[in-house]
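**Student:** coords please:
(chains A, B, C and D)
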Number of protein chains: 4
Amino acid sequence: MKLIHDPIHGHIELDDFAVRLVDTPEFQRLRRITQLGFSYLAYPSARHTRFEHSLGTFHLAKLVRERNPEIEDGVVYAALLHDLGHYPFSHTLEILYPRHEENTKWILRHGEIGDLLRECYSQSEMERFFKHPLVSGDIDADRMDYLVRDAYYTGAAYGIVDLERLIRNLRWMEEKLVLLEKGVTAGQSLLLARAMMYPTVYFHHTARIAGAMLAKAVELEGIPIKEMRLMDEIDLVARLRKSEEGEVRELIGAIDSRRLYKRVVWSGEPVEEGLLGELRWELEAEFAHLALLDYPPRPKFEEKNAFVLVDGELKRLSDVSPLVRSLFELKDTHWRWGIYARADVKEAVRSFVSGIIG
Amino acid sequence: MKLIHDPIHGHIELDDFAVRLVDTPEFQRLRRITQLGFSYLAYPSARHTRFEHSLGTFHLAKLVRERNPEIEDGVVYAALLHDLGHYPFSHTLEILYPRHEENTKWILRHGEIGDLLRECYSQSEMERFFKHPLVSGDIDADRMDYLVRDAYYTGAAYGIVDLERLIRNLRWMEEKLVLLEKGVTAGQSLLLARAMMYPTVYFHHTARIAGAMLAKAVELEGIPIKEMRLMDEIDLVARLRKSEEGEVRELIGAIDSRRLYKRVVWSGEPVEEGLLGELRWELEAEFAHLALLDYPPRPKFEEKNAFVLVDGELKRLSDVSPLVRSLFELKDTHWRWGIYARADVKEAVRSFVSGIIG
Amino acid sequence: MKLIHDPIHGHIELDDFAVRLVDTPEFQRLRRITQLGFSYLAYPSARHTRFEHSLGTFHLAKLVRERNPEIEDGVVYAALLHDLGHYPFSHTLEILYPRHEENTKWILRHGEIGDLLRECYSQSEMERFFKHPLVSGDIDADRMDYLVRDAYYTGAAYGIVDLERLIRNLRWMEEKLVLLEKGVTAGQSLLLARAMMYPTVYFHHTARIAGAMLAKAVELEGIPIKEMRLMDEIDLVARLRKSEEGEVRELIGAIDSRRLYKRVVWSGEPVEEGLLGELRWELEAEFAHLALLDYPPRPKFEEKNAFVLVDGELKRLSDVSPLVRSLFELKDTHWRWGIYARADVKEAVRSFVSGIIG
Amino acid sequence: MKLIHDPIHGHIELDDFAVRLVDTPEFQRLRRITQLGFSYLAYPSARHTRFEHSLGTFHLAKLVRERNPEIEDGVVYAALLHDLGHYPFSHTLEILYPRHEENTKWILRHGEIGDLLRECYSQSEMERFFKHPLVSGDIDADRMDYLVRDAYYTGAAYGIVDLERLIRNLRWMEEKLVLLEKGVTAGQSLLLARAMMYPTVYFHHTARIAGAMLAKAVELEGIPIKEMRLMDEIDLVARLRKSEEGEVRELIGAIDSRRLYKRVVWSGEPVEEGLLGELRWELEAEFAHLALLDYPPRPKFEEKNAFVLVDGELKRLSDVSPLVRSLFELKDTHWRWGIYARADVKEAVRSFVSGIIG
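**Tutor:** Below is the predicted model:
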């Protein structure tokens, strides 16, 4: 057993098996994957990593399981390992490579940590645990940890959630994670916190611009997935700094010294797919790495599996809470796409773009 | 100038005029009016008073005015004095007496604090200041202070608001208090915090029951408004304890030792007015002070005057934020009315009530 | 089992027996005894009461006992009840009446709560539990709660203690509460926090002056101990407001409206006992209730029973920590005695006093 | 003007000149120098960097200067830049290279940031500002920021300081930074917080072992000072990972996967200098990089320039506060030196060492 001090949860207790998992190179690598990618360029204090977030998720999953021992024990280790496959700067590079969930599975099939895990669980069991509502549901240990942790590290006031009340009021029944009525406000506050962290922190344009610059550098460098899988941020940045391509060195140098591209377009209006393809093609042809199109998928706030027990009856949280219902409407409000350009070509890009999208 | 230490705002600076206002008996009386009435029977730590809330409201109003010097200076003193007229246990007795706002005006017309105030402002100026959006608007200094303060003292996690960001982004323009776009999330979070504090704290049934018991005791004791106006909680409770009416002594004794009436009805379904009158009449006739009908007005979440400046144009916050819009829908969700009865007659009251409302 | 929400400890769980104890009139009375007496005249937000402090002390004692089940179970109820005998405004009136510990014992011998307690424990067992190091030691549950709680409510930054680390490192061995080496810094910080709260909060002159005024009023009113034993602050203040003695009404009125006496003497130099008696006598004879001598006992920071386990050997904390040792020296530093006088006779008192003590 | 969100201070305002300084590559490099070196191996959440600490120090210095406008304006920029010369992992490599203060001066003489600074201040002015008591005194902006920040990021409760009270009570007089009497407790708490952070965080053996391993790797790699001066942690770690020396790759690999050397000696007893030299020499000869001697200088808690104004007279804080005086005694208490060895040679090293120091 090992105790780890954590400013969010006080002390986190790791059992012996968790200690062995944490002590693998694959898990230690998470110490060098920042939780919020380039958000620290907007919130300098947001330097926390996937490592402490993973410990926190494990801790919360364990607290829920203590009150619901019918949950299989492997689920708490899935909570610990759910982010193992993140690439450097977290979600930033997922537009170039398979989603991190796929990479997690790959690592578990091939690495030292996978061997260790298979002492207790098969690969397919493990993959089932990763889908457990306590690990990836609407009100799961992952979100509980990251919202509170991200709020703590950024100083944004929106991620405050009454975790104790939430955890006391979660029950595992009929293969669902169900909120007791006394926990509805706390559950609601989790979803609201998430909705408010999006525009303030997660979609902050500064992080988005730096992310687009990094993705372009990686694309130009042409790093194959088999090399990327286990890279940490040191490997990646060092490689880009020493690239043989001048454009790559220029891009990473600009990120390093925070000389970021400027916004030419920043809009909440979706673009029709054909036009989008054309735009991407034309920009590329005309400006190469000097202009970047950033068109992220729309965030989803659909409710997957948040259930509430009201007078003995299971209901969907969205049926009980009009606020949660309104999060559907909200889902598009803060979504933005952008075109970013190096400061000196900003005006040229602007008129070129107007020529295409009018 | 005087410095007051406050756990919410750090240090509160009072200018000389504010010190003189605070040093009057009328203002000092607020030290003996609890902010949340009987909520401390559910949240024992919620023992804060209208006194420190008034100082906090003053402090925040002053911070907004520092950035918007066109706001008349009297407005910050209105913020300081806006709760002067509260009766013992805050809103509890407003069903028997004029609303506290009326009592505030009365006190200012008659007391030492009124004389002092009139050195600088006329009564009608003052009454105008009380209506200023910074004192009673949708996003006003009053709410900013009480939400954060009530969250702090109850330990409920829902009242957290990014006050600094909110204040930095409030502008006084066209006689309106306008939120800059950068402050929308902070403003939204204020309204959401309020919506979540209602079911959790402000409408807690324990406080409601004790409040109904107190109101009945005061009604039976028959205290005229002219005596009530300047009573503090010590005056009131001591008087009820020494009442000549046994029922009054019984009621206050039960509150003192937290032997509260039990809920016979607790419902979110409104009752038609005629039936409600009948119910009240019949209960009174049959059970006297042993059964209490508590039918509060519905809370209002309508937006009065929250404006946002978006691209140079004034918009209503509800037009910009679907979450705020959904607060309209929410407004009835947590409203409850109740019938409470002394434990030993609970079942008798229950069958009597079924006989009337079926 | 009952859950109570508390901003300091999150949720406090009360077992059934604790619920029954809490539900007695004697315990509910603690809701109307402020924890810090008149400190709220200096720190307006410090309105917490002995009630929530008692719950917090119980909670911490229970946490320590969970890790040390050899501690008798009655000790946690002693933690709950240790402050039952406090008079209105806590320590203020202990110069006129037996110490509150004596009053606690009296109440337990005579009240409803005593009957209840004797279902499980004899009076002598109970009195033994009150002396247990977990209830009244150098590092006890009482101090752990009040330091953190008083810091929270006053906003003073000095009462921060790492309670979790402290509790994890307390062991019951050889009839002693022993600190493991890993907990030494946390234990040290508790004693330091206490040393810093003294000058800042506990000895604040404003609270001292109001306390001396109240004590004089009570003395003049001549309330016998048998009436005082179970008074709460409402009883006492209401009685003084309605006193037949003009001086009593004047004193309580001045406290109510915070028109406090002024300091004529405020000194850290002790006075020889004979001279002190003379001073008291002469002041009384000349100025009656208009001048008050306040000469409190010196605070003790002696170490009673803080032990540390270092390499398997029990040592005194003061032998291990030079900082704790230095608290001995500190003990006198912040002690002050004073003479206070009504503003209009301040100068007269000053020259009269100089005539006596030069 | 630019606003930066910070969880410690809320919002930090940067004036235009500060923005230009921050936007240089030399300053941006601080984003990649962790504040506490390898402490994150013991406190995983301690991932903050010199960048945000520098902004915080600037912010606090500015707050002090606002109340003391006689302080030269360049001092606040010295506060901003005081850590510019830190090497990767902060103090870890200072045993191999000139102290970071020297490196700061060098960078200012040679870099883009130096050119910018010389638009306003000469090099010698700047060096004078670095020695200003507000930048490097006993109660300076540097300590105020790092104690509170390190406590926040580690979750250790010991760094809590009442910064607002401290800042309100600092006065610049007679070329000294003087504490008013009302600020003594706050000043004292700063020095105590520091004393308690040492054993708990700053001297944590895990960080010490990893630091010794890194220093050995760098020594073996033979990186000259002219390359080290402007390296960030990415440069350094990437270089060591790609070293041609197997020992270097082994050491950095062990740090990366947290397979740290074990303690063979961990002692508070100083060793006589001759013996120490012999020990170092013999260990090196016998075990090369497999055994590391770590003998840090003793920490200093001597008071340099903390002055208090008591009744109009300047006194040393240590003369006023016995607690501060006791910090002298404390200074050696937590100091430790160690010998660390790779797990597989631990016993061999142990018996070899006993052979030398008996």
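
**Student:** rest of the way, CA atoms for contacts and neighbours
**Tutor:** Will do.

**Student:** Just the C-alpha atoms of stretch A:145-157, please, in CSV.
**Tutor:** These are the backbone C-alpha positions of stretch A:145-157, laid out as CSV (Å, rounded to 0.1, in the frame of the first residue of the first chain):
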residue,chain,number,x,y,z
ASP,A,145,-11.6,14.2,-11.4
TYR,A,146,-10.8,16.3,-14.4
LEU,A,147,-13.4,19.0,-13.9
VAL,A,148,-12.4,19.6,-10.3
ARG,A,149,-8.7,19.3,-11.1
ASP,A,150,-8.8,21.5,-14.2
ALA,A,151,-10.6,24.1,-12.2
TYR,A,152,-8.0,23.9,-9.5
TYR,A,153,-5.1,24.3,-11.8
THR,A,154,-6.5,26.9,-14.1
GLY,A,155,-8.1,28.9,-11.3
ALA,A,156,-11.4,28.9,-13.3
ALA,A,157,-14.2,28.9,-10.8
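
**Student:** Name the surrounding residues that touch it.
**Tutor:** Taking contacts as CA atoms under 8 Å, 6 or more residues apart in numbering or on different chains, the residues outside stretch A:145-157 that touch it are A:8, A:43-48, A:53, A:56-57, A:60, A:158-161, A:190, A:193-194, A:197, A:200-201, B:160-162, D:5-8, D:10.

**Student:** Show only the entries of the residues you listed found in helices.
**Tutor:** Among the contacts of stretch A:145-157, the members falling in helices are A:53, A:56, A:57, A:60, A:190, A:193, A:194, A:197 (criterion: DSSP state H).

**Student:** ok, is stretch A:4-19 in contact with chain B or not?
**Tutor:** No - residues of stretch A:4-19 are not located near chain B by CA under 8 Å from any CA of the partner chain, the shortest gap being 14.4 Å.

**Student:** how long is that stretch end to end?
**Tutor:** With CA to CA, to the nearest Å applied, stretch A:4-19 spans 11 Å between its terminal residues.

**Student:** tell me how far that stretch is from the chain's mean position?
**Tutor:** Shown here is stretch A:4-19, whose average C-alpha point lies 22 Å from the average C-alpha point of the whole chain (CA atoms, centre = their mean, to the nearest Å).

**Student:** I'd like to check what contacts that stretch. Which residues are they?
**Tutor:** Identification of contacts with stretch A:4-19 by CA under 8 Å, 6+ apart yields A:1-3, A:55-56, A:59, A:77, A:148-149, A:152, C:164, D:42-45, D:152-156.

**Student:** Apply 6 Å and report the result again.
**Tutor:** Residues outside stretch A:4-19 that contact it (CA atoms under 6 Å, 6 or more residues apart in numbering or on different chains) are A:1, A:2, A:3, D:155.

**Student:** One more: stretch A:198-216?
**Tutor:** Judged by CA under 6 Å, 6+ apart, the contacts made with stretch A:198-216 from elsewhere in the structure are A:38, A:39, A:92, A:93, A:334.

**Student:** ok, the residues you listed vs chain B, which is closest?
**Tutor:** Closest approach to chain B among these (CA to the nearest CA): residue A:334, at 10.2 Å.

**Student:** which residue sits closest to the closest one, ignoring its sequence neighbours?
**Tutor:** residue A:199 (5.7 Å; CA to CA, 6 or more residues apart in numbering or on different chains).

**Student:** How about residue A:217?
**Tutor:** Sequence neighbours aside, residue A:248 is the residue nearest to residue A:217 in space, at 4.8 Å (criterion: CA to CA, 6+ apart).

**Student:** same question, residue A:82
**Tutor:** Leaving out its chain neighbours, the residue that sits closest to residue A:82 by CA to CA, 6+ apart is residue A:130, at 6.6 Å.

**Student:** Read off the pLDDT value for the one you found.
**Tutor:** What the model reports for residue A:130 is a pLDDT of 97.

**Student:** And residue A:321, by the same measure?
**Tutor:** You'll see residue A:321 listed with a pLDDT of 82.

**Student:** Point out where chain A drops to low pLDDT.
**Tutor:** Scanning chain A for pLDDT under 70 picks out A:159, A:300-305, A:328-332.

**Student:** all strands for it, in order.
**Tutor:** Secondary structure of chain A, counting by DSSP state E: strands at A:2-6, A:10-14, A:170-173, A:176-180, A:262-267, A:291-294, A:307-310, A:313-316, A:337-341.

**Student:** can you put those strands in CSV and add mean neighbour count?
**Tutor:** What follows is those, written out as CSV (neighbours: other CA atoms under 10 Å in any protein chain shown):
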stretch, mean neighbour count
strand A:2-6, 16
strand A:10-14, 17
strand A:170-173, 20
strand A:176-180, 23
strand A:262-267, 18
strand A:291-294, 24
strand A:307-310, 22
strand A:313-316, 14
strand A:337-341, 24
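
**Student:** Including distance to residue D:323, could these go into TSV?
**Tutor:** Listed next are the strands of chain A as TSV, based on distance: least, CA to CA, whole Å:
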stretch	distance to residue D:323
strand A:2-6	28
strand A:10-14	29
strand A:170-173	48
strand A:176-180	51
strand A:262-267	54
strand A:291-294	59
strand A:307-310	55
strand A:313-316	59
strand A:337-341	58
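
**Student:** Residue B:66 is nearest to which of the ones you listed?
**Tutor:** Each of these was checked against residue B:66 via CA to CA, and the shortest separation belongs to strand A:262-267, namely 33.1 Å.

**Student:** Okay, now the sheet partners of that closest one, with direction.
**Tutor:** In its sheet, strand A:262-267 lies beside strand A:337-341 (antiparallel), with partners assigned from DSSP bridges.

**Student:** could you measure the most centrally placed residue in chain A against residue B:349, distance?
**Tutor:** Averaging the C-alpha coordinates of chain A gives a centre point, and the residue nearest to it by CA atoms, centre = their mean is residue A:91 (5.6 Å). The span separating residue A:91 from residue B:349 equals 61 Å under the rule CA to CA.

**Student:** By proximity to chain D, which residue of the stretch 251-358 of chain A wins?
**Tutor:** As assessed by CA to the nearest CA, chain D sits closest to residue A:257 within the stretch 251-358 of chain A, at 4.8 Å.

**Student:** Equivalent analysis for the stretch 151-300 of chain A, please.
**Tutor:** Checked against chain D (CA to the nearest CA), the nearest residue in the stretch 151-300 of chain A is residue A:155, 3.9 Å away.

**Student:** Sweet, I'm off.
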